[in-house]
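Asks: Sequence and predicted structure, then a few things I'm wondering about:
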Amino acid sequence: MKKANPEAAEDSRLVELVRGGDVGAYRELVEKYQSRIYAMVCGMVRDREEAQDLTQDAFVKAFQNLDRFRLESSFYTWLYRIASNVSIDWIRKRKRRNHDEFDEGIAARESGGEINPLHQQQSPGKELERNRLKDRIFDAMETLTPEHRQIILLRELEGYSYKEISDVMGIPEGTVMSRLFYARRKLQGLLKSDMEEAV
């Protein structure tokens, strides 16, 4: 017999309360998951302000469609899928508006102006090289399709298993493996050619 997940059971209890008219219970779900959803959306869209708006949109959309949520499923997985779709829609619309748009200030904003004490011990040259590498990785990520970018983030940032990624994206595990292989190979190829050009 499968052991019940206490977190999933608590989420289902809160969902039932919301369906019964207790809107305050939804606030608990928002507070519980907003930072994780925001981190994923920010990784997808690479714009902090847009990520905040899109995270809110995802929670509103989830609230409006709460009657479609199956209580035996994971609320977080369901919410994550909604937030992923909202992010992918935004990326596609932005590309249609301006295919060449690129935010040069994203790397500078990501640090929030704070200096990590570990970085203070390293030479400015090493720090500069680290920032260049981070920029190259982000630039390479921009060239991936939204679906491939999402799968890289789920695996590398969230640490999800193939099964969990399959559940979130609603695709078979075999498709997860092939997409992940393709996305990693493309990233490696882009980074390799970029490094060769820099030499």
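Replies: Looks like it came in fine.
Asks: who's in contact with L17?
Replies: A25 (Cβ atoms under 8 Å, 6 or more residues apart in numbering). (C-beta placed from N, C-alpha, C; glycine too.)
Asks: Now it: which helix or strand?
Replies: Using DSSP states H and E, L17 maps to helix 6-19.
Asks: Mind checking what helix or strand follows that helix in sequence?
Replies: The helix or strand immediately downstream of helix 6-19 is helix 24-45, counting by DSSP H and E.
Asks: For the closest residue to K61 other than its chain neighbours, give me phi and psi.
Replies: For K61, ignoring the flanking residues on the chain, the nearest one in space by Cβ to Cβ, 6 or more residues apart in numbering is I82 at 5.4 Å. Dihedral pair for I82: phi -60, psi -50, per degrees, to the nearest 10.
Asks: Count the residues that sit near I82.
Replies: Neighbourhood size, I82 [other Cβ atoms under 10 Å]: 18.
Asks: Confirm for me that it is in contact with A62.
Replies: Yes. Under the contact definition of Cβ atoms under 8 Å, I82 touches A62, with a separation of 5.2 Å.
Asks: Going by the annotation, which residue ranges form each domain of this protein?
Replies: As recorded under automatic domain parsing, the domains making up the chain are 1-102, 118-199.
Asks: Distance from the longest one to the middle of the chain?
Replies: Chain-centre distance of domain 1-102: 11 Å, with Cα atoms, centre = their mean, to the nearest Å.
Asks: Could you give the average pLDDT over it?
Replies: This predicted structure assigns domain 1-102 an average pLDDT of 86.
Asks: tell me which residues of the longest helix anywhere in the chain are tucked away?
Replies: Taking DSSP state H as the assignment, the helix of the chain that covers the most residues is helix 173-198. Residues of helix 173-198 classed as buried under the neighbour-count rule (16 or more other Cβ atoms under 10 Å) are 175-176, 179-180, 183, 186-187, 190, 194.
Asks: Backbone dihedrals for V23, both of them.
Replies: Backbone torsions for V23, taken as degrees, to the nearest 10, come to phi -70, psi -30.
Asks: Could you tell me which residues make contact with it?
Replies: No contacts exist for V23 under Cβ under 8 Å, 6+ apart.
Asks: go with 10 Å
Replies: 17, 63 (Cβ atoms under 10 Å, 6 or more residues apart in numbering).
Asks: Same check on the one 10 residues further on?
Replies: Remark: with contacts taken as Cβ under 10 Å, 6+ apart, Y33 is in contact with 11, 55, 58-59, 62, 75-76, 79-80, 83.
Asks: do S161 as well
Replies: S161 makes contact with 154-155, 167, 173, 176 under the criterion Cβ under 10 Å, 6+ apart.
Asks: need the residues you listed in CSV with pLDDT, can you?
Replies: Below are the contacts of S161 laid out as CSV (pLDDT from 0 to 100):
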residue, pLDDT
L154, 84
R155, 85
D167, 86
E173, 90
V176, 90
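Asks: ok so, going back, touching, the residue nearest to K61 and M40? I think so.
Replies: No. Using Cβ atoms under 10 Å, I82 is not in contact with M40; the gap is 11.2 Å.
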